[in-house]
Each structure stands twice: as C-alpha cells, then as structure tokens.
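Q: below: sequence and its predicted model.
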Amino acid sequence: MADVIENTMELEEDTQTGRFLTFSLGRESYGIEIKYVTEIIGIQAITEIPELPEYVKGIINLRGKIIPVMDVRLRFKKEAREYNDRTCVIVVDIKDVSIGLIVDSVSEVLTIPEQGIVEPPKMNKGFNNRYIKNIGKVGNDVKLLLDCEKLLTEDELEDLSEVQ
Amino acid sequence: MKKLLIVDDEAFMRLTIRNMMNHYDIEIVGEAANGVIGVEMYKEFRPDVVTMDITMPEMTGIEALKKIKAFDPQAKVIMLSSLGEEGMVIEAIRSGAKTFIVKPFKEKFFNQIIYDVLGI
Amino acid sequence: MSNGFVNEPMLDLFIFESMQLIEQMESLIIANERSGFYTSDAINEIFRIMHTIKGSSAMMLFNTISTLAHSMEDLFFVLREDKPQNVDYTDLSDLVFEGLDFIKVEIHKIRNGDEADGNPSELINSLRVFQASIKGQDSSPEAMNFAGQTDSHENPSPEKQQYYISKVSRETTSLQNTFQATLRFEPDCGMENLRAFGVVNDLGDLMEEYYHVPEDLDHEDSARAIGEQGFTLFLKTDRSWEEIHRVLIQTIYLKDLQLTQAQNSDLLNNQDLERKILLEDSSDKVSDSSNRDRVTRDFEGKEIHSAVTQQSIINVSVAKLDQLMDLVGEMVIAEAMVIQNPDLNGLELDNFQKAARQLRKITSEMQDMVMAIRMVPLTATFHKMHRIVRDMGKKLGKEVQLEIIGEETEVDKNIIEHISDPLMHLVRNALDHGIESAEDRQAKGKVQGGTISLEAKNAGSDVLVIVKDDGKGLSKDRILKKARENGLLYKSEGDMTDKEIFNLIFLPGFSTKDSVSEFSGRGVGMDVVTKNIETVGGSVSIASTLDKGTTITLAIPLTLAIIDGMNIKVGNSRYTIPIISIKESFRPKEEDIITDPDSHEMIMVRGRCYPILRLHELYGVKTEIIDFVDGIIIMVEHDKKSLCVFADELLGQQQVVVKALPEYIQRLKKISGLTGCTLLGDGSISLILDTAGLISL
C-alpha cells in the first residue's frame, strides 16, 4: 500500500486525466478517478451511527476531521466481509464532501488512454451498473470505472426506505 | 529596505494597496485604520512614504498629514483622493503632501507614484 | 477582472465592508426619518458612506455601483452644503433606500460570481430630479444654475476661482530669467489640473511671477485640456535653468518636460501678466478650501465621540474564528491525552499534577475567550427589521411601530446567520397577517397604530428571541380548517390543546397558495422558520390570544461550539449528554423499577414516576449491561419534561467541542436524538445526545 500512496503523491504534479486508482472487491477490479482521491489509509476504529443504511458504516476521526465511511461492498449489495489488514479506506473528496470508501484492497495507479475506455453495456438487471460510468481495458484486464458522484447521491431514498 | 505606511479606514483599500505594492525593496511597516493611529504609527516607524486616504472618520487625512508634517517636515505623504475631492487635494498640497493619486487607480500607476516619490 | 491584483479576499472584503456600510446607512436613515428630518451628522455620515462605496466599487471596476453611489453622494453634498429647508424627507428616504437596494442587488450578483449588470440610469435620473427640486426651491442664483449642470460638487462653487501662492514680494530682486515649461502627464493619471497646481506649488518661492495655460486650474475642463495639450507655465525667476529643471523633473507622473529659456523677457508681459500676478492680499480670489475646511471640521467633530469605542476593533473572517475554535478544541483533546495518559497510571506526580492544573486553567480560559470572540450582539439583526417594517407598513397602508428590546444580547456568530431569515419571516408575517388595518383596529377599540416588538434575553444556556404583535391573533377555527383541508390533522380536533393547534402552522405544507402576498407568502411557510431554528438546536413556540396578538418565541442555544458534557458508555459506543440538561444520575434499585402491561419501563424517584429509555435498545448497540442494577440512570430534563436514560456507565464530565455530523450523513437522515459528535481525549468519537429529541421520541 505504501508505494500506492507514494505513486499517488507523485501524481499530484502530473496531469491527472486518464489516471485511475484501482482497487478490488472480491475478484472484480474497479477504478476511481485519481482527482477525487485525497488519501488512502488502513482500516480504523469506526463509530457507528444508528438509523443509517447498512452500507454507511459510521464515522471516523481523520486527524481531527470527522468523515463518514461507506462500505463499497455493501453499497453494491455484495456480501459483507470481515475487515483485515489488507482492507483500505480510500478517502475521496467529491463536490466538497469528504467520504471514506472501504474496499478489500488497493491495487495501483493506472493510466488508461481514452481509446481504452468504453461505455458499459446496457443491462436491465444488476444494480452495479448504475455506479459504473465506464469500462477501462488494460491489456487483458477489465476495470470497472466508478461514477463517484452517483455513489453519493443515487437512490438514497430508496435505500433508506429499505432500512426502515 | 524602504518603509511604507498605509493609512486608510477601509480594510479593502489597505488590502488593495498591499496587493499592488510589489517592489521587493519596499516593506509595508504598518496599516492604520484612521488618522490618529496613522500619526502615531508614523512617529513609531518613521516610514519613507505614507499613503493617506483623505476621507476618514475621526481624523481626516488632511489633519493627519498636517500632524505628520509638523512632526517631520521631510515626510513624504501621498494622498489618496477621489473625484469630488479637488478642494481637499489642494489643501493637502498646500499642507505639504508630496502628491496625490486618484481613485480608482491601476496597479501600474500606484507603483510608479511610490517609486517616483522614493526616487527608486 | 482584468486587474491582476484583484483576488478573493479583496472581493470578500469589498462585499463585507460595503454591506456593513449599507446596513449602517439604513439604520441612520430610519432613525432620522422618524424625526422628520436628517440631522447634519447623519447627512455627513451618509455622504461619507456613499463616497467610500463609490471609491471602492470604482477600484473593483463595479461601475454600476460606483456611478449610482456617486449620484447619491452628490445629492447629499447638496444637502450638506446648501441645507435646503423644504426637503421631503420621506421621499428622500424612499429614493435612498431604492438606491441602497440597487447596490445590494448588485453586490448580491457579485457575490454569486455574476456580472453586476444592473442599470442605475433611471435611479440616477430620479436622484437628479430630486436634487434639482431641492435646489430649485433655493433662491440664490448660483443654486438655480445648478440643476442644469451635469456634474455637481466637483465644482462646489460656480464662481470663478483662482489659486494663489503666498510668497514674499521681492520687488527689489532683478529678474534674470524667463522660462517656458511645458509638462505632459501620464495619460489617465487623473486630476491633471491639480497636478499642475502641484507643480506651481512646488516651484513656489522660486518664481517671482508666473502665468500658465490653461489659466484656470480649477475646472475639470482644464484637466482634460492639460491631458490633451499639456500644461504650459511661463515664469520669471532669478534661478538658473538647472535649478528649475531639477524641481520640475521630480513631478510625479511626468511623462514629458520641455523647459526653454524665453528670449524675450517681456514674454510674460505680453501675456498680460500684470493682471495675473496673484498676490496674497488680492481681493477677488476665492479660496476653494473654505468649503472643504468646514467639511473637515464636521467630520472631526462628529466622529470623535465614536472614536473611543472603535479605535481598536478589527474585522476577522468567521472562517478564521472557526479554525481557531477547531484548534482550541484539538488542544483540549491533546491536553486530555497528556493528562489522562495511561502511562501515568499509579504514579505519584505532585509537580506534574500541579503543572497540569495550571495548563487546564489556561486552556479553559482560552476556550472562554474564543467563545467570547465569536459572540456578537443581535443589534444589527434587529435593526434590519426596521427597514422591513417601514417598507411593508407603507405598502400595506398599516401604521406599525417596531419596538426593540435587549438588542445588546449576544449570541454566537454562526447562530446569528441562522436566525436572521426566520426573524424576517416572522416580522413580515406579523405585519401582513397579524396587525389589522387602522379601521379594523379602531373598530375593535385598539390604538390605531400597531406595535411589533422584538425582544432578546438570556435564559440559562439559551437566548430567547421573542416576536410579539398586538394584532388580531390566531384564529383556531381557521387554522383547524386549513389543516383539515391539507390533511395535516394527526389527532381528533377535540383532543387538541390550544398550543397543539397553534403549532400546526409550523408544519410543512400548512402555508398554502391563497395566503401568498407580496411579503410573507411566496409559498414558503412557517415551517421554514422551524427548520432554520432547529438546525441550530433551537426551538420555536407560539402563544396567541384572539384580538390581543401573537407571541412567537425562539429559544436558541447561546453557542454551538463548546458544551459541558457528561460522557457515557454503552457497549463500545460513547455518548455525550450536555450537563445543562442532566438533573441527576444514579444507580437504580431493583424495587424502584416498574414495568407496565405494555412493557413500558419506568422508575420511581422520590415518589414520581419517570419513563426509562434504554440507549442500547434505541441505537441497537451490543452490551453486556442489560439489567438496570448493573448500569446507570441519567435523568435529563427539557422543557419541564423528564426522561431517564439508561447507560452502562459514566465516563466523566468534560468540556467538548461540538462538531456537526458529516454533511453526507445529515443529508441521508436526521437521526433522532443526535445533535452532533465530538472527539474524546483518546481520539475516539462520541455522539452527542439531543435531550429534547430523546424526550420527544
């Protein structure tokens, strides 16, 4: 993880377009635009907040700043998994909202050229789809590129009503 | 290092001047929000040049100018005036103001006047 | 913005200071309007404010604002100089308010990053017409002139003026040299005529006689002429070319200088010099400075009394205060981490403890000070309402007086921002719906003019802001009818207390389209008031008597930032309860617990029965402590209602820095019984309980 962070830092001076931080949830590999990422930390003590959707795990203390953390697995309605020392929190800043995304593990920072990015296929089922903006091809691998803004805004109402 | 003192009741104008003043060899030694403080600061810092707003509460720029000149006849004071203050500009010149600048002014003009007054 | 130096803080400062000045001016006008005329102090002050706004907006290239401010400045110049007798001050106030509104709108646009593109020409015209009208009624011929002039106080006196320089007559000196100097100034340097005057002044005693073109340095036209053709000075002196050149070359903004020795020493005479040599005792000169002298003195006299209080006040951005507050908060936490460090357990450290006490004392004083800095009086917020009452009263044809009590009461800056809008809404409502028309009032045997009072006072950790009118009061029947129509009745009408009925008006959806008026309607209802007040942890209550009036009370916490809290533990979770709402805490005895047939748990305390709330159940927290006797009961009170909260144990009392829950979470849901969170000494997060919320669960 340390080198990933280092890579991220170096990138600051570089142009950020086409750069993605990739992480994994189970066997799938996802990408998130590097411009949203502010830091990556290991999993830490989470204070639970009652009455929230299951995927909002609670809040954490990030050097005096209190930010919410979201379990991306649960957000995608995947099975919950125990956190371990590979579990990471990717802190992102989306439209001035800071939030930590809990992922299984962080992989690397990649440049995906424009021609390697395609729209996702239209699927009628599979709720994953609505958070995936594009699909990036890197060699033989496929990265699901997240739509960060939707992650925070989409279907909150629906999700809430499920909880209550 | 040349020393500049800003006397203006408006924080906005003080900041404007601060932002405009871009000479490496000029240091802003003080910002006074009215004439009374301006005169005190003059005595304390002995600046090489003063920018002095004319219309200020408590003690007008003209009064402050007179007090500064009485304390130090060599003082170099630049008056900040606006249209409509011609009469006061005249009084300021009579009272020993080095020169004046008319608001609104551009950065270039401001720096030029400071350099000219300081002879740099 | 083309100017490279313009940046965010400057713009912020411009907006902030201009708005402050406008507010100041509004209260001045309202105060003066009431007495039927403007005092000369007020006129001076308004003149100065407009002058300042003109200058700074011109600096920022906001021309719409600066031209309008210029016109208003002109008008007040006339008022100040001519002291006209027959001014309709109500019309004047209307006009000035209109002007201020225009500026406010422009500033609003600027704040939103839009172009300040309003067109002030109509307003400027009205100002001119008004100015002409007060001038026109003035009998002096020069004043009659005035209306026709396009520019105004730039030339305060239409009489021809000449400048003169005092000098010692040196008739005996032989004049050796005659020079012709032509100076050109940098284009756009401004007031070229006065720069020329400065040149003449600089030469001063060096000249024996002189003459210049243009002749008249007073007129703005000369400025233009000098800008275009340069300034030419003929002078006789006993000094050398070098000496004169040395002086002239130092002229500020000098672009070009030509200094030549005239061959013919009679040149000056040819220029009809005789008439032009201005001597000190010359009788036909008019000193322009006399007017301005008076101005200067006026300003001095007026401002001095306020000097004592204003001298050392600075403006600080709230963001910086927030940062400072955060820092102090972090310091408090760091202090706790040091003093309560587990490494110290079991050690006898007398000196350490002594030093720690000292540290604690200082940090607590620092917290108090930071809090004190953030406290601002409600004065400005209250006085803003004058304007609303005035404008609305006029429009609705109602005679209403605004009474202000306790404006010096202070609250946290953040809170002020949240209550300003609700207050405005309440005042508008009172005027629009509360106060009756003069006829109705007379018919009811009430005084013709209505009164709205705004009162602020401290009550414990709250500040109460009370908006009271002596209008028609709320009609229960009409409220019920409306609630019925909108499907807002949650229980049968017969069971509802007066208070419950009145509270219906705070429900979203109560205010309907048919109540829309220019002022209070606009589709937003009283629920906006409640919502705003609740965001700052306050509450709204209402009382009303038919035909007597309505009283709405806002209870607002003094501060949001730091509270004395009791930290408690439930399982692995920490919670903080504000000390102010805790009545007592105790370990319950088995025999005091009562469970009713519906499994509601209650406890008897000194003969009274209180409901128990199990926090672990409410928030679904896993804990070993299930039996009441193993845990602790904390009795909290709010608004005369009590509740016993059951937790595992008390962790201790501490001042905590209240932090809001992250915005993302607030957006998801308002969690019942939680107001925020705080960081504890060990870096863990504690959730702050909202007593009022818990009790109303």
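A: Cool, got the structure.

Q: which residues of chain B fall in helices?
A: B:11-20, B:35-45, B:61-71, B:86-94, B:107-118 (DSSP state H).

Q: can you list contacts of the first one?
A: Think helix B:11-20. B:6, B:8, B:28, B:31, B:33, B:51, B:53, B:80, B:107, B:110-111, C:5-7, C:9-10, C:13-14, C:17, C:55-56, C:59, C:315 (Cβ atoms under 8 Å, 6 or more residues apart in numbering or on different chains). For glycine as for every other residue, the C-beta is placed from the backbone atoms N, C-alpha and C.

Q: before we move on, what about the last one?
A: Residues outside helix B:107-118 that contact it (Cβ under 8 Å, 6+ apart) are B:2, B:4, B:17, B:20-23, B:26, B:48-49, B:51, B:76, B:78, B:98-99, B:101, C:3-5, C:186, C:188-189, C:250, C:252-253.

Q: show the buried residues in these.
A: Buried members of those, scored by 16 or more other Cβ atoms under 10 Å in any protein chain shown, are B:2, B:4, B:17, B:20-21, B:26, B:48-49, B:51, B:76, B:78, B:98-99, B:101, C:3, C:5, C:186, C:189, C:252-253.

Q: which ones among these lie within strands?
A: B:2, B:4, B:26, B:49, B:51, B:78, B:99, B:101 (DSSP state E).

Q: out of these, who's near chain C?
A: Applying Cβ under 8 Å from any Cβ of the partner chain to these, one finds that B:99, B:101 fall near chain C.

Q: present the ones in strands among the buried ones among the contacts of helix B:107-118 as TSV; the columns should include pLDDT.
A: Below are those laid out as TSV (pLDDT from 0 to 100):
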residue	pLDDT
B:Lys2	88
B:Leu4	93
B:Ile26	84
B:Val49	95
B:Thr51	95
B:Ile78	94
B:Thr99	90
B:Ile101	90
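
Q: list the beta-bridge partners for the most centrally placed residue in chain B.
A: Centroid-nearest residue in chain B: B:Thr51, 1.2 Å away (criterion: Cα atoms, centre = their mean). Partner residues in beta bridges with B:Thr51, using DSSP bridges, are B:Ile6, B:Ile78.

Q: low-scoring pLDDT stretches of the stretch 101-250 of chain C, where are they?
A: The stretch 101-250 of chain C contains residues with pLDDT under 70 at C:136-176.

Q: relative to chain A, which residue of it is the closest?
A: C:Gly113 (16.0 Å; Cβ to the nearest Cβ).

Q: just say helix, strand or coil for that residue.
A: The three-state label given to C:Gly113 by DSSP: H, G, I helix; E, B strand; the rest coil is coil.

Q: returning to that earlier point: quick check, nearest of the ones in strands among the buried ones among the contacts of helix B:107-118 to chain A?
A: Within these, proximity to chain A (Cβ to the nearest Cβ) peaks at B:Ile26, which comes in at 33.1 Å.

Q: ok now do the closest one, which residues does it touch?
A: B:1-4, B:114, B:118.

Q: ok, now with 7 Å
A: Going by Cβ atoms under 7 Å, 6 or more residues apart in numbering or on different chains, B:Ile26 touches B:2, B:4, B:114.

Q: what of C:Ile107?
A: C:15, C:18-19.

Q: same question for A:Cys148.
A: Applying Cβ under 7 Å, 6+ apart, we find A:Cys148 in contact with A:32-33, A:36, A:92, A:94.

Q: could you redo these as a markdown table and give each row pLDDT?
A: Supplementary listing: the contacts of A:Cys148 in a markdown table, determined by pLDDT from 0 to 100:
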| residue | pLDDT |
| --- | --- |
| A:Ile32 | 92 |
| A:Glu33 | 90 |
| A:Tyr36 | 90 |
| A:Val92 | 93 |
| A:Ile94 | 87 |
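
Q: near chain C, which residues of chain B are found?
A: Proximity of chain B to chain C, by Cβ under 7 Å from any Cβ of the partner chain, involves residues B:10-13, B:15-16, B:19-20, B:55, B:57-60, B:62-63, B:82-84, B:86-91, B:93-94, B:99, B:102-104, B:106-107, B:109, B:112-113, B:116-117.

Q: need the per-residue pLDDT for C:Leu324.
A: C:Leu324 is assigned a pLDDT of 86 by the prediction.

Q: pick out the residue of chain A closest to chain B.
A: For chain A, Cβ to the nearest Cβ, closest residue to chain B: A:Asp96, 26.0 Å.

Q: ok, how many other residues are close to that residue?
A: 6 (other Cβ atoms under 10 Å in any protein chain shown).

Q: what of the one 10 residues further on?
A: Counted with other Cβ under 10 Å, the burial measure for A:Val106 works out to 22 neighbours.

Q: thought it was touching A:Phe20?
A: No: counting by Cβ atoms under 7 Å, A:Val106 stays clear of A:Phe20, with 11.6 Å between them.

Q: tally of neighbours for residue 60?
A: Since you didn't name a chain, this refers to chain A. A:Ile60, neighbours per other Cβ under 10 Å, totals 22.

Q: hmm, no, I was thinking of chain B.
A: 27.

Q: pretty sure it sits against B:Gly35.
A: Yes: if you go by Cβ under 7 Å, B:Thr60 and B:Gly35 touch, sitting 6.2 Å apart.

Q: how much space separates A:Arg81 from A:Val72?
A: 11 Å (Cβ to Cβ, to the nearest Å).

Q: the strands in chain A, which residues?
A: A:19-25, A:28-33, A:37-42, A:56-62, A:65-71, A:88-94, A:97-103, A:105-111, A:117-118, A:132-138, A:141-146.

Q: packing partners for the fourth one?
A: Contacts defined by 3 or more Cβ pairs under 7 Å, 6 or more residues apart in numbering or on different chains; DSSP states H and E place strand A:56-62 against strand A:65-71.

Q: ditto for the fifth one
A: In this structure, strand A:65-71 packs against strand A:56-62, strand A:97-103, with contacts taken as 3+ Cβ pairs under 7 Å, 6+ apart.

Q: just tell me which of those strands ends up closest to C:Val332.
A: strand A:56-62 (14.5 Å; Cβ to Cβ).

Q: how about low-confidence regions in chain A?
A: For chain A, counting by pLDDT under 70, the residues that fall below are A:1-16, A:122-129, A:154-164.

Q: many thanks, have a good one.
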